[in-house]
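this one's sequence-less:
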């Protein structure tokens, strides 16, 4: 039934951005899949609720869920200030994890505490060694190097509708957005791609996830769709000369939508290096 | 008289962000230094005026200047749309350059044409093989991976005063700003560092340049100062919860100012890799 199996050690694991509001009470398709990709009954899961306004409650809720879904070990790792995220002992709690889950909330709150810290280095190392990294809502956006910090809703792109910041850098090629169809975010993702030429926008719906393996193979799971706004063949945009919230032109975007069970590929860093070598 | 000499081939050359309005009529300290670092009488210089509203006039003016300063070969490379920047033959004109100079104008105009293209790959390769890359004003900002696209003036940081986009990625660690003291840009650079935790802001004054070698050794030249807003030890910021243009707190910033003739070091990518390995 499942296409993907556990990634071998010593190569990057899976990235699993989730669009928020994933089913927590019934079939729990998305969350079950995360536990499975983290090793199932052998999974050692660390929950990072640093984006949440109520980190202790949120962390406890996800720990309970992953425990019920059969993970062997579940911990919540609380960081409320940068001193904690720069504590080597606290950061080392990530090292043995086979799955790391970042909750929703506000991605900029998470990044202003976690960004550029020792713990962020440990998280990247865990991913590079084979751990599955999932994030829902804010936790999904936080995965990008070029991260959507915040923005406006709407279908049409305009110069000021999105503000970018530095994310965790788990992917340098993808700009991840979430609650995508539900919050009408096509305009802000297209704007983000126009401001970051050459990158690929990925908009994940609620109760939906994209599972990206180390080769850039992707699978959609859950009840919604994933919208890809691929800016690698961008032809033209007037965003540099547009005024504030005036609509801008962005041409040459390859837009695609995938429902659950669909597969496609994106260029991940390994492929990008190859491309440059040609 | 000069501390730095030409970088050997097959390792990165110099990065030389210039704060704009560099002297073009008298001692021409900054521009002379660029020609010297590009090989002096052996220099093969390519001028890229893609940020300018008047690229042909601007390109011609810099070509004349570098010719008078003794460079052996000077060309202007014009790109007004992405099709040109994705033309392998046109992009190959960069390959033999020992010095590449990006003019002023609007960095977002330059990046919406050059970002993520084949020519941008050639430019990075030329830098990695030893060419000196200079840029003035918009051309300086364009060097960063996390680039200031535009923003407001003012000494105090606020959440909305700067908008980031993807630059050329010649440095992943530095966010470069320009016309720095003259246009009162401390607030926007501090905001950029708060939105991109772990990075180093560098504000370059008019008629001033920073010369950064492959080891991260830096030298200031010209008549103004370079302001460093080092966010690597960032302690706290409330930028995630601040409202629009309200002033925000950013603590733990190491701010420094250097005049011409001063040296200091920043962590360049090689060092960052070492740091992560510890």
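Nice, I can see it. Small disclaimer: the values here were computed from a predicted structure and weren't measured. Numbers count the residues shown, from 1 in each chain, chains lettered A, B, ... in the order given.

what bits of the stretch 101-250 of chain A have low per-residue confidence?
Low-confidence segments of the stretch 101-250 of chain A (pLDDT under 70): none present.

If we look just around chain B, which residues of it are in range?
Counting by C-beta under 8 Å from any C-beta of the partner chain, the stretch 101-250 of chain A comes close to chain B at A:106, A:108-109, A:111-112, A:115-117, A:120-121, A:124-125, A:145-146, A:149, A:159-160, A:163-166, A:194-199, A:231-232, A:234-237, A:239-241. Yep, even glycine has a C-beta here, placed from its N, CA and C like the rest.

In helices, which of those residues fall?
Among these, the ones falling in helices (DSSP state H) are A:108, A:109, A:111, A:112, A:120, A:121, A:124, A:125, A:194, A:195.

so who does the nearest residue to the first one once chain neighbours are set aside touch?
Across the structure, with C-beta to C-beta, 6 or more residues apart in numbering or on different chains as the measure, the residue nearest residue A:108 apart from its sequence neighbours is residue B:240 (3.9 Å). Neighbouring residues of residue B:240 by C-beta atoms under 8 Å, 6 or more residues apart in numbering or on different chains: A:106, A:108, A:109, A:111, A:112.

what's near enough to touch the residue nearest to residue A:53 when sequence neighbours are not counted?
Nearest non-adjacent residue to residue A:53, counting by C-beta to C-beta, 6+ apart: residue A:105, 6.1 Å away. Going by C-beta under 8 Å, 6+ apart, residue A:105 touches A:49, A:50, A:51, A:52, A:53, A:55, A:58, A:137, A:138, A:139.

my guess is residue A:90 meets residue A:119, correct?
Yes: Residue A:90 lies in contact with residue A:119 (C-beta atoms under 8 Å); the separation is 6.9 Å.

how much space between the closest residue to residue A:20 other than its chain neighbours and residue A:165?
When the adjacent residues along the chain are set aside, residue A:20 lies closest to residue A:137, with 3.4 Å between them (C-beta to C-beta, 6+ apart). Counting by C-beta to C-beta, to the nearest Å, the separation of residue A:137 from residue A:165 is 16 Å.

thinking again about what came up before, any chance of the backbone angles for the residue nearest to residue A:53?
Note on residue A:105: its backbone torsions stand at phi 140, psi -120 [degrees, to the nearest 10].

Residue A:259 now?
Main-chain torsions, residue A:259, degrees, to the nearest 10: phi -100, psi 180.

Ok, residue A:66 next?
phi -70, psi -30.

what's the burial count for it?
Neighbours of residue A:66 under the rule other C-beta atoms under 10 Å in any protein chain shown: 25.

Out of the residues of the stretch 101-250 of chain A next to chain B, which end up buried?
Buried subset of these (neighbour count, 16 or more other C-beta atoms under 10 Å in any protein chain shown): A:106, A:108-109, A:111-112, A:115-117, A:120-121, A:124, A:145-146, A:149, A:159-160, A:163-166, A:194-199, A:231-232, A:234, A:237, A:239-240.

What average pLDDT does stretch A:73-81 get?
What stretch A:73-81 shows for mean pLDDT is 96.

Which positions in it come out as buried?
In stretch A:73-81, counting by 16+ other C-beta under 10 Å, buried: A:73, A:74, A:75, A:76, A:77, A:79.

So what touches it?
With C-beta under 8 Å, 6+ apart, stretch A:73-81 has contacts from A:43-50, A:55-56, A:59-60, A:62-63, A:66-67, A:84-85, A:90, A:93-94, A:113-114, A:119, B:235-236.

Filter the residues you listed down to the buried ones.
Judged by 16+ other C-beta under 10 Å, buried ones among the contacts of stretch A:73-81: A:43-50, A:55, A:59, A:62-63, A:66, A:84-85, A:90, A:94, A:113-114, A:119.

Wait, residue A:106 touches residue A:138, no?
Yes: in terms of C-beta under 8 Å, residue A:106 counts as a neighbour of residue A:138; the distance is 5.6 Å.

any residues in contact with both of those two?
By C-beta under 8 Å, 6+ apart, the residues touching both residue A:106 and residue A:138 are residue A:51.

ok, and the closest non-adjacent residue to the residue of the stretch 1-150 of chain A found nearest chain B?
Closest contact between the stretch 1-150 of chain A and chain B, by C-beta to the nearest C-beta, is at residue A:116 (1.8 Å). Of all residues not flanking residue A:116 in the chain, residue B:198 sits nearest, at 1.8 Å (C-beta to C-beta, 6+ apart).

Now the common contact residues for residue A:90 and residue A:119.
A:79, A:84.

List the residues that contact the closest residue to residue A:151 other than its chain neighbours.
Using C-beta to C-beta, 6+ apart and skipping the chain neighbours, the partner closest in space to residue A:151 is residue A:162 (3.6 Å). Applying C-beta under 8 Å, 6+ apart, one finds that residue A:162 lies in contact with A:148, A:150, A:151, A:152, A:188, A:189, A:191, A:192, A:195.

Over to residue A:66?
So residue A:66 contacts A:31, A:34, A:35, A:43, A:45, A:47, A:74, A:101 (C-beta under 8 Å, 6+ apart).

ok, residue A:207 to residue A:182 distance?
Separation of residue A:207 from residue A:182 (C-beta to C-beta): 10 Å.

Assign residue A:74 to helix, strand or coil.
strand (DSSP: H, G, I helix; E, B strand; the rest coil).

one step back: taking the contacts of residue A:66 one by one, which sit in strands?
A:45, A:47, A:74, A:101 (DSSP state E).

Look up how far residue A:47 lies from the third one.
Spelled out, it's residue A:74. Distance from residue A:74 to residue A:47, by C-beta to C-beta: 7 Å.

Now list whatever residues contact both of these two.
With C-beta under 8 Å, 6+ apart as the test, residue A:74 and residue A:47 both reach A:63, A:66.

how about the nearest residue to residue A:136, chain neighbours excluded?
That would be residue A:18: by C-beta to C-beta, 6+ apart, it lies 4.0 Å from residue A:136.

ok, what's across the strand from the one you found?
residue A:136, residue A:209 (DSSP bridges).

you'd agree residue A:88 is up against residue A:118?
Yes: with contact defined as C-beta under 8 Å, residue A:88 counts as touching residue A:118 (5.8 Å).

Please identify which of these two sits among more neighbours.
The neighbour count for residue A:88 versus residue A:118, taken as other C-beta under 10 Å, is higher for residue A:118 (20 against 11).
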